[in-house]
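A.B. asks: return atomic coordinates for the entry below.
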Amino acid sequence: MKEHVHETTGQIGWSTTIDYSRIPKVFHKRYWSTTMHNARAGVRNRIEKNTPKIDNAKKNVRKSFRIICKPGRKCVINARRSSRWAAQYAGNSCRYVGKTWMNTGRYLSRTSSDAGRYVGNTTYGAGRYMGRSSMRAGRYLGRASRATGRFLRKSSCTAGSYLSRGSRSLYQTLRSFSIRSGRYVSNKVSSASFIAMARAREASYVSGPYYARKFKSDCRTKINNSRVARTLNDMIENSRIPKACHDRNCDCDVCPTHEL
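C.D. replies: Here you go, the predicted structure:
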């Protein structure tokens, strides 16, 4: 037995020394060629399956795109959040109006029905006490008051349902409008941010060399000016004319205190 390390996988195995002279030639060719071919193919397929393929160009492009679009993405997220908040606020206010109107309708229906019953009972009792005519009158008034109560209850219920439907439709309209406006604003903000970033990048590319050239020329001008000033100072100091004469701005031919 002999220990060996596989070239591709790095696995440690054991091999035996085989005496090929004892194996027939046909069997040896057919058996060992197919075995080694299958073994190599299996190792190759296993390596290709387990090794992930990474496209560096796509990865770098995706990374740079994410870095460039960061402010635009923030604007888009903020616009979507604001549109969502506006839709929720409008929906809650519409629901509040609808519930208020429905509660008002229920309250009116209960009040009217209670009033009708109270009037009916009162007139019915008075009719019994006063006689048959008063009883008939009481029944009539009771029926009329009940009919009035039913009419008020139905009208209030229909008004409440109508208002609730109207508030629901208004809520849906406002919600769809706010969602559309939010998407429109987010698209506009994102496109504007992309355009502004592209223009800023182009301007920086164009203005960078210009300012570099200008800075170099200004530096050269300053250096030359300083050289000229130094030369003039040297000439004044090395000349026979005193410096006080130049400071006073007087005519040195007439000035009695200085000699040429």
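A.B. asks: could you count how many residues lie near the nearest residue to residue 119 once chain neighbours are set aside?
C.D. replies: Nearest residue to residue 119 in three dimensions, chain neighbours excluded: residue 145, at 4.3 Å (C-beta to C-beta, 6 or more residues apart in numbering). The way it works is simple: take the backbone N, C-alpha and C, and place the C-beta from them, glycine included. Other residues lying near residue 145 total 21 when counted by other C-beta atoms under 10 Å.
A.B. asks: equivalent analysis for residue 167, please.
C.D. replies: Applying other C-beta under 10 Å, we find 21 residues neighbouring residue 167.
A.B. asks: could you give the average pLDDT over the one helix or strand it maps to?
C.D. replies: Per DSSP states H and E: residue 167 is located in helix 132-238. Helix 132-238 shows a mean pLDDT of 74.
A.B. asks: ditto for stretch 104-111
C.D. replies: For stretch 104-111, the mean per-residue pLDDT is 76.
A.B. asks: in stretch 192-203, which residues are buried?
C.D. replies: Using 16 or more other C-beta atoms under 10 Å as the burial criterion, the residues of stretch 192-203 that qualify are residue 193.
A.B. asks: quick one: residue 153 and residue 114 touch, right?
C.D. replies: No - using C-beta atoms under 8 Å, residue 153 makes no contact with residue 114, being 10.7 Å away.
A.B. asks: these two: who's more crowded?
C.D. replies: Legend: neighbour count by other C-beta under 10 Å for residue 153 and residue 114, higher for residue 153 (19 against 11).
A.B. asks: leaving out the residues flanking it, which one is nearest to that one?
C.D. replies: Distance criterion C-beta to C-beta, 6+ apart; nearest residue to residue 153, sequence neighbours excluded, is residue 109 at 3.6 Å.
A.B. asks: how about that neighbour, what does it touch?
C.D. replies: With contacts defined as C-beta atoms under 8 Å, 6 or more residues apart in numbering, the neighbours of residue 109 are 152, 153, 156, 157.
A.B. asks: now do residue 112
C.D. replies: Taking C-beta under 8 Å, 6+ apart, we find residue 112 in contact with 148, 149, 152, 153, 156.
A.B. asks: do the same with residue 160
C.D. replies: 101, 102, 104, 105, 106.
A.B. asks: what's the separation between it and residue 186?
C.D. replies: Here residue 160 is placed at a distance of 38 Å from residue 186 (C-beta to C-beta, to the nearest Å).
A.B. asks: before we move on, back to that, can I have the buried ones of the contacts of residue 112 as a PyMOL selection?
C.D. replies: One line in PyMOL is enough to select the buried ones among the contacts of residue 112; burial here means 16+ other C-beta under 10 Å:
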select buried, resi 149+152+153+156
